[in-house]
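Engineer: here is the input, now give the coordinates:
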Amino acid sequence: IRGDINVLLLGDPGTAKSQMLKYAESTAPRAVYSTGKGASAVGLTASVHKDPLTKEWTLEGGALVLADRGVCLIDEFDKMNEQDRTSIHEA
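Structural biologist: Next comes the predicted model:
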């Protein structure tokens, strides 16, 4: 049995790749959509936030964590930093 399935969509600009990802997000029972333009490897795995009311630090799961046993859709993967792209493989 195969553990993980990875799919890469390639195509010319304007061939509805982003629309296909949005459709997959709306039909999958557990899916998280993220864009690579503003995402980092840290943001896709986890982030730390300080609560303004309690002044306590909290750990919040990123897109890869929230999509556990589901689908993580990353659009515009080529716009990500090269180091962030390689870090995703380790996550």
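
Engineer: C-alpha from now on. contacts and neighbour counts both.
Structural biologist: Will do.

Engineer: for Leu10, give me its contacts.
Structural biologist: Leu10 is in contact with Lys17, counting by C-alpha atoms under 8 Å, 6 or more residues apart in numbering.

Engineer: next, it: secondary structure please.
Structural biologist: coil (DSSP: H, G, I helix; E, B strand; the rest coil).

Engineer: any idea of the pLDDT on it?
Structural biologist: On pLDDT, Leu10 comes in at 87.

Engineer: could you check the distance from it over to Lys17?
Structural biologist: 8 Å (C-alpha to C-alpha, to the nearest Å).

Engineer: one more: Arg69?
Structural biologist: Taking C-alpha to C-alpha, one finds Arg69 at 23 Å from Lys17.

Engineer: neighbour count: the two, which is higher?
Structural biologist: A direct count of neighbours by other C-alpha atoms under 10 Å for Arg69 and Lys17 places Lys17 higher, at 16 against 11.

Engineer: just checking, the more buried one touches Gly11?
Structural biologist: Yes - counting by C-alpha atoms under 8 Å, Lys17 touches Gly11, with 7.5 Å between them.

Engineer: just the C-alphas of whichever helix in the chain runs longest, formatted as CSV.
Structural biologist: Looking across the chain with DSSP state H, the single longest helix is helix 17-27. Extracted in CSV, the C-alpha atoms of helix 17-27 (Å, rounded to 0.1, in the frame of the first residue of the first chain):
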residue,chain,number,x,y,z
LYS,A,17,-4.7,25.0,-12.7
SER,A,18,-5.6,27.2,-9.7
GLN,A,19,-9.3,26.6,-10.4
MET,A,20,-8.7,22.9,-10.3
LEU,A,21,-7.0,23.2,-6.9
LYS,A,22,-9.9,25.3,-5.6
TYR,A,23,-12.4,22.7,-6.9
ALA,A,24,-10.4,19.9,-5.2
GLU,A,25,-10.5,22.0,-2.0
SER,A,26,-14.3,22.3,-2.1
THR,A,27,-14.9,18.6,-2.8
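
Engineer: for Phe77, give me its contacts.
Structural biologist: With C-alpha under 8 Å, 6+ apart, Phe77 has these contacts: 35-37, 85.

Engineer: just the buried ones among those residues, please.
Structural biologist: By neighbour count, with 16 or more other C-alpha atoms under 10 Å, those hold 36, 85 as buried.

Engineer: if anything else comes up later, I'll come back, but that's it for now.
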